[in-house]
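# Build the 3D model from these lines:
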Amino acid sequence: GRSSVTDAYSQYEPWHAPSFYAGALKFTVGQQKFYLERNFYSKEKTDYLRNELDGEELSVGLFNGTGELLFRALLETSRSKTRDQCAIELLGVFQLYGADACTVDGAILSSVVPPLTTIFTDAIARLTGIPPMVVGPGIRTGLNIKAEIHNQLGSDIVASSVAAIAKYPSPIVMVDMGTATSLSLIVGSVYEGCIIMPGLALALDALSERAAALPPISIETASPVGLMGHTTEEAMRSGVLYGHASMVDGMLERIEESIGQSVTTVATGGNAPRILRYCKRPIQYDADLIMTGLYIEWGAWSSAESE
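Presented below is the predicted three-dimensional model:
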């Protein structure tokens, strides 16, 4: 039914209007820094709160025996949580999607946050009864990584690269738009190298934090952003979104010039849907690239273990 206008969400709306209104706020409680983002678009109200010091995002996926991804969930977690707290969160995800954790016959974990690796290794084992395979150096992936960067490459990029090789024609540029934006060049099964740039949120935070007259803003919009802004917020939003898209387009052009041929471009990461609509180049969006890569890695590992 229709929610009452006396509920907390409606009570603090600044106005009811068909146009989009959004805002972001940074605040400190004790020694903890928080970021609050909220929009008031009448058709899609959302709010998002994160701890900027220790908040981490966790993606959880479940595949069936034929390789079909049954669900993919995103959780906000923290380095301060215990094994049991993390196990309870994972159990809640399984219950939400009507899945039974007891039927899981294999697990794989990719983490670039060492304190959380140990916690979630224990939590997964507690929940499923199976210790997960932890992606790291020495794991056979079929990816030939250039020696200079072999031990520096994040396990998430390795997993995405493995999936990209399996799904898309070579040469491939894989664009990962997360905290940082990275462009990885893959030729055949060889990971040739990558380019790392500040991500969308980092660029926006730096803009508002270092320029005193520029406020924190939300990049979420109900409709496409116009190129020329008519307010400070519109101008900032245009600059960040179109600027990031132009940066990706420009780097892809330079990569193609350097190797002398065109590339297949695939993008993943939470910020990709926000950026790709403003890119001039055709870029395939694959939200499940990391999950698919992890599934392939687990299959290769489990086959090798059974030999």
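
# Give me the neighbour count for the closest residue to Met247 other than its chain neighbours.
Once flanking residues are discounted, Met247 sits nearest to Met197: 6.5 Å by C-beta to C-beta, 6 or more residues apart in numbering. C-beta coordinates here come from the backbone N, C-alpha and C atoms, glycine included. Number of residues near Met197 (other C-beta atoms under 10 Å) recorded here: 15.

# Report the buried residues of whatever helix or strand Met197 lives in.
For Met197, the host element (DSSP states H and E) is strand 190-198. Buried residues in strand 190-198, defined by neighbour count with 16 or more other C-beta atoms under 10 Å: Val190, Tyr191, Glu192, Cys194.

# now stretch 280-299
Within stretch 280-299, judged by 16+ other C-beta under 10 Å, the buried ones are 283-287, 289-298.

# Relative to Trp298, how far out is the residue nearest to Met247?
30 Å (C-beta to C-beta, to the nearest Å).

# So which of the buried residues of stretch 280-299 are in helices?
Taking DSSP state H, the ones among these that sit in helices are Leu289, Ile290, Met291, Thr292, Gly293, Leu294, Tyr295, Ile296, Glu297, Trp298.

# mind listing what the residue nearest to the third one when sequence neighbours are not counted touches?
If you skip the residues right next to it in sequence, Met291 has Gly61 as its closest partner in space, 4.3 Å away by C-beta to C-beta, 6+ apart. Gly61 is in contact with Leu69, Leu70, Phe71, Arg72, Ala73, Asp288, Met291, Leu294, Tyr295, counting by C-beta atoms under 8 Å, 6 or more residues apart in numbering.

# what comes up buried for the top helix by length along the chain?
Criterion DSSP H: the longest helix present in the chain is helix 232-259. Within helix 232-259, the residues that qualify as buried are 233, 236-242, 244-245, 247-249, 251-252, 255-256, counting by 16+ other C-beta under 10 Å.

# That helix: what's the following helix or strand?
Taking DSSP H and E, what comes next after helix 232-259 is strand 264-268.

# just checking, what packs against that following strand?
helix 155-167, strand 172-177, strand 284-285, helix 289-306 (3 or more C-beta pairs under 8 Å, 6 or more residues apart in numbering; DSSP states H and E).

# Export these as TSV, with columns for mean pLDDT.
Output for the helices and strands packed on strand 264-268, formatted as TSV (pLDDT from 0 to 100):
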stretch	mean pLDDT
helix 155-167	89
strand 172-177	94
strand 284-285	94
helix 289-306	81
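
# and Ile108, which of these is closest to it?
The closest of the helices and strands packed on strand 264-268 to Ile108 is helix 289-306. By C-beta to C-beta, the value is 4.2 Å.

# list the helices and strands that closest one packs on?
strand 55-63, strand 69-78, strand 108-109, strand 133-134, helix 155-167, strand 264-268.

# which residues touch that helix?
With C-beta under 8 Å, 6+ apart as the criterion, helix 289-306 contacts 59, 61, 63, 67, 69, 72, 106-108, 110, 133, 135, 139-142, 156, 158-164, 166-167, 174, 266, 268, 286.
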